[in-house]
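[1] Below is the sequence, then the predicted model.
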Amino acid sequence: MTDADAAMINGARLVILMGCEEFATTLLAAADRFAVPVVTVTSRNGREIMRTDTALIAQALGTTAANERWMATFERLLDDLQAEIAQSLPADQRRALVHHVQLEAAEDLGFTTLVEFGPAALPPDEIRSLAALRPPWILDNYHTVQGDGISTAAPDASSVQLITFPGIDGTVTLEDVYRANAERILAAVAPDPPSGQPVQEVGAGDEMVIGVLLTLLLVGVTAIALTHRTAVGRGEANQPGLDLRAAPACSGHGRLCW
């Protein structure tokens, strides 16, 4: 960012930074020169983070009342999404290894963090250690993926990449981001029965019904065959259709022969 670029903030009502931008020093100097207020926010999502950061922005802009109304609707959304996920996942299945950027957002959606990983790259021994925890979930960060190694070492874990800011999956607002993340989690909920619970087998009553149906089918087919053989013997089977005259005799029990 050049000084000319920074001068473009002259007349702005507010400058919002995360504080880690490479151009922050130049921009802060320009904000000071033009007396533009500056608010530094956190680069992660979370209920408490949003309450704090939006209050600072609202205070600078004089929109505190409007922000409080928005915060109330935002918190209701978080409660609704958390309840929706809880309906599909019991508490003991909402345990996860969580990317450090998604820590608060995962908690907003009802997850308990087993271990937070990142931002440093994970060495092989740490990956093995995390996989040994047998986490039901791995909640990674879409924008800086670091959990692939854990997913490979813990194949039974459901792995989801959560997004941090709008632009992915058609998201426009922060509310969209949370909805999209909840949808990603719900889409990853396996429809198969949990491990250790056998798939329901056919019961004795079902076997009896199947046996009766097969018996009726066998009787019907046998009757057709005998009728046709009788017709052939009488010379009455000249109409087009299935020709059974060359059929071998049936032998053995339970066999269908033509």
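    Great, that's in hand.

[2] Now the nearest residue to Glu68 once chain neighbours are set aside: which helix or strand?
    Leaving out its chain neighbours, the residue that sits closest to Glu68 by CB to CB, 6 or more residues apart in numbering is Ala58, at 7.9 Å. Any C-beta I mention is one placed from the backbone N, CA and C, and that applies to glycine too. Per DSSP states H and E: Ala58 is located in helix 47-61.

[3] related to what we said a few turns ago, now do the residue nearest to Glu68, the pLDDT please.
    For Ala58, the pLDDT comes out at 97.

[4] And it, how far from Trp70?
    9 Å (CB to CB, to the nearest Å).

[5] do Arg76 as well
    Computed as CB to CB, the Arg76 to Trp70 distance reads 11 Å.

[6] what do you get for Thr171?
    In terms of CB to CB, Thr171 sits 17 Å off from Trp70.

[7] What's the local residue count around Val39?
    16 (other CB atoms under 10 Å).

[8] can you give me phi and psi for it?
    phi -120, psi 130 (degrees, to the nearest 10).

[9] Bridge partners for it, pull those for me.
    Judged by DSSP bridges, the bridge partners of Val39 are Ile16.

[10] The helix or strand hosting Val98 pairs with which strands, parallel or anti?
    Element membership for Val98, per DSSP H and E: strand 95-99. Using DSSP bridges, the strands paired with strand 95-99 are strand 112-117 (parallel), strand 137-141 (parallel).

[11] I'd like the average pLDDT over that strand.
    In the prediction, strand 95-99 has an average pLDDT of 98.

[12] do stretch 122-140 as well
    Here the average pLDDT along stretch 122-140 is 97.

[13] can you list the domains in the chain?
    3-71, 86-188, 213-231+248-258 (automatic domain parsing).

[14] Run the chain-centre distance for the first one.
    It refers to domain 3-71. 33 Å (CA atoms, centre = their mean, to the nearest Å).

[15] how close does Val98 get to Gln82?
    Val98 is 15 Å from Gln82, by CB to CB.

[16] cool, Arg134 as well?
    Arg134 is 24 Å from Gln82, by CB to CB.

[17] what's the answer for Tyr178, then?
    Distance, Tyr178 to Gln82, by CB to CB: 10 Å.

[18] what sits in contact with each of the two?
    Asp108, Leu109 (CB atoms under 8 Å, 6 or more residues apart in numbering).

[19] So these two - more neighbours on which side?
    Set side by side, Tyr178 and Gln82 show more neighbours around Tyr178, with 23 against 17, by other CB under 10 Å.

[20] Regarding the more buried one, what is its secondary structure?
    helix (DSSP: H, G, I helix; E, B strand; the rest coil).

[21] residues in contact with it?
    Asn45, Leu77, Leu78, Leu81, Ala105, Asp108, Leu109.

[22] What subset of those is buried?
    Burial by neighbour count, judged by 16 or more other CB atoms under 10 Å, picks out Asn45, Leu78, Leu81, Ala105, Asp108, Leu109 from the contacts of Tyr178.

[23] ok, residues contacting stretch 12-21?
    9, 24, 27-28, 31, 34, 36-43, 57, 60-61.

[24] Kindly supply the PyMOL command isolating those of the residues you listed that are buried.
    Only the buried entries of the contacts of stretch 12-21 go into this PyMOL selection, using 16+ other CB under 10 Å:
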select buried, resi 9+24+27+28+31+36+38+39+41+57+60
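
[25] tell me which element the nearest residue to Thr173 once chain neighbours are set aside is part of?
    Spatial nearest neighbour of Thr173, chain neighbours left out: Pro166 (6.2 Å); criterion: CB to CB, 6+ apart. Assigned by DSSP H and E, Pro166 belongs to no helix or strand.

[26] how about Leu174, what does it touch?
    Asn45, Met50, Phe74, Pro166.

[27] From Val36, how far off is it?
    In terms of CB to CB, Leu174 sits 24 Å off from Val36.
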